[in-house]
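Trainee: Sequence first, predicted coordinates after that:
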Amino acid sequence: MRLPRSRLTAILCSVAAAALTTDLQGQRSSPDTSLAAVYGPTAERLIAAATGDSAAYQRLGTLVDTFGHRLSGSASLEAAIDWIMSQMKADGLQHVRGERVMVPHWVRGAESVTLLEPRRTRLAMLGLGGSVGTGPAGITAPVLVVGSFEELEARAREARRKIVLFDVPFTSYRETVRYRVQGASAAARVGAVASLIRSVAPFSIHSPHTGTVRYDSTVGRIPAAALSIEDAQMLRRFQERALPVEVRLMMNARALPDAPSRNVVAEVIGRERPDEIVVLGGHIDSWDVGQGAMDDGGGSVAAWEAVRLIHHLGLKPRRTVRVVLWTNEENGSRGALAYRDAHANDLAQHVLAIESDNGTFSPRGFRFSGSDTALTQLRQIEPLLRRIGAGQVSRETESPEADIAPLVERGVPGLGLEVDRSRYFWYHHSDGDTLDKLDPAELARCVAALAVVAYIVADLPDALPRTSAR
């Protein structure tokens, strides 16, 4: 009897399947149940969708060109949030909302530093975020240039009634940023009237970089600003030549009452365990210079686009995937703290928290904080991301990013997107943070990496094992 073609095909497939699952000793072998094997086809769909066009770059361009920089308390930040929420709804994402946060409202005002001696010229400067002002008359004083906190302490008597300039070369951000954060209080402690720093950056085209200053409550608050690398080095050279160095610092900076803002939240609801959540995002606020394209418009849009693609492709993971664009990371972290507090009762259901906040340059992988067992599981995803250069998950002892830190401290596993950061601090917190510094293809690969990890972890049969909250 001649079998129908469909029946014959079925029999042959069954025989082939049996042969493939039997090893050379005649023993049945287990099917490949690694995450890479199970989720390979879905990962490929997400990567193809993310890298198939420049949708993320176009959306980021619309955001930063339309609204510009987005400092906490500013009208531009709130207008950007309104637009984002309207676009998320148009994307078809679920539960789109703004969760209210009260944020600091610091205003820069007019500012300048003018060199008076040994010659007169205007210096490139930016006041540090949160700095007090000088008053309308400004501050005119000699400058003492030092290269470290230890040198300042050794020359404390010389610093009295002077403006102290910390001319500290960039080594790493973690090390050098101490002078931006702590410099004003250190200078005030030895009787200085104001504090300047060499911008925290490895490269400059006469471009100063801002950032937060923090005041020690045990000493008075003095004005604080950053000079360009070039101008800071010039003042040091004058001092080394034993020439008198005098400047006039003018800063109209002021702090206004806290202002209302919002964390932006949207979701793809899980099909089986909707109360369990994988959260990913970036921070939507920026400093009041440049466009905030790199820090962190790109990270925010990459996370948003990753969740949009999951929805667009009709993927329904077991758990909910939630995108959060945190507000006020730059000068207060109020958004991160408000999210933790607003969701305090369901943090145990947060399976993973992911953030992108190092620029959306070429992705390298992820940095992870959590249990060893969870790290082992996440490393099974590495093969799926190797073709886009993002196939490495490394260990981090602390939270890999600032906005997810309050969640990591409560035991939520945390991931930070790791990228090529070789140029990041060239533009960080400066007028150079504009759209042209980012590449559409690199941004697309960041979207792909975020989408693949978020989807897979949201769809795992069992949640990632957790460590105890600290």
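Mentor: Received it, and whenever you're ready, just let me know what you need. Numbering: from 1, shown residues only.

Trainee: okay, and the helix or strand of the chain with the least pLDDT?
Mentor: helix 5-20 (a mean of 39; mean pLDDT, DSSP states H and E).

Trainee: Would you tell me what the next helix or strand after that one is?
Mentor: Counting by DSSP states H and E, the element after helix 5-20 in chain order, helix or strand, is helix 35-51.

Trainee: Where does the residue minimising distance to the centre of the chain sit, in terms of helix or strand?
Mentor: Note on the chain: the residue nearest the mean C-alpha position is residue 357, at 1.6 Å, using C-alpha atoms, centre = their mean. Residue 357 is part of no helix or strand when elements are defined by DSSP H and E.

Trainee: Angles on the backbone of it, please.
Mentor: phi -150, psi 40 (degrees, to the nearest 10).

Trainee: for residue 442, what are its contacts?
Mentor: 360-363, 419 (C-beta atoms under 8 Å, 6 or more residues apart in numbering). Placement of C-beta: from N, CA and C, glycine included.

Trainee: Now the two most distant members of these.
Mentor: Spanning the widest gap among the contacts of residue 442 are 360 and 362, at 9.0 Å by C-beta to C-beta.

Trainee: between these two, which one's more packed in?
Mentor: A count of neighbours by other C-beta atoms under 10 Å puts residue 360 above the other of residue 360 and residue 362, at 34 against 18.

Trainee: Leaving out chain neighbours, which residue sits closest to that one?
Mentor: Distances taken as C-beta to C-beta, 6 or more residues apart in numbering put residue 298 closest to residue 360, at 3.5 Å, once the chain neighbours are dropped.

Trainee: Now do the same for that neighbour: its pLDDT.
Mentor: Per-residue pLDDT puts residue 298 at 98.

Trainee: can you give me the helices for the stretch 301-450 of the chain?
Mentor: For the stretch 301-450 of the chain, applying DSSP state H, counting those that start in this stretch gives helices covering 334-342, 372-378, 382-385, 405-408, 424-427, 440-459.

Trainee: Show me how far the last one is from its chain's centre.
Mentor: The one in question is helix 440-459. 16 Å (C-alpha atoms, centre = their mean, to the nearest Å).

Trainee: average pLDDT across that helix?
Mentor: On average, helix 440-459 scores 98.

Trainee: for stretch 375-390, same thing?
Mentor: pLDDT averaged over stretch 375-390 gives 97.

Trainee: Please name the spatially closest residue to residue 210 (chain neighbours excluded).
Mentor: Leaving aside its sequence neighbours, residue 210 sits nearest to residue 126 (C-beta to C-beta, 6+ apart; 4.3 Å).

Trainee: Which neighbours do residue 360 and residue 362 have in common?
Mentor: Joint contacts of residue 360 and residue 362 (C-beta under 8 Å, 6+ apart) are 419, 442.

Trainee: on that earlier part again, just give the number of residues close to the residue nearest to residue 360.
Mentor: Residues near residue 298, counting by other C-beta under 10 Å: 32.

Trainee: quick one, what contacts it?
Mentor: So residue 298 contacts 60, 282, 356, 359-360, 438, 443, 446 (C-beta under 8 Å, 6+ apart).
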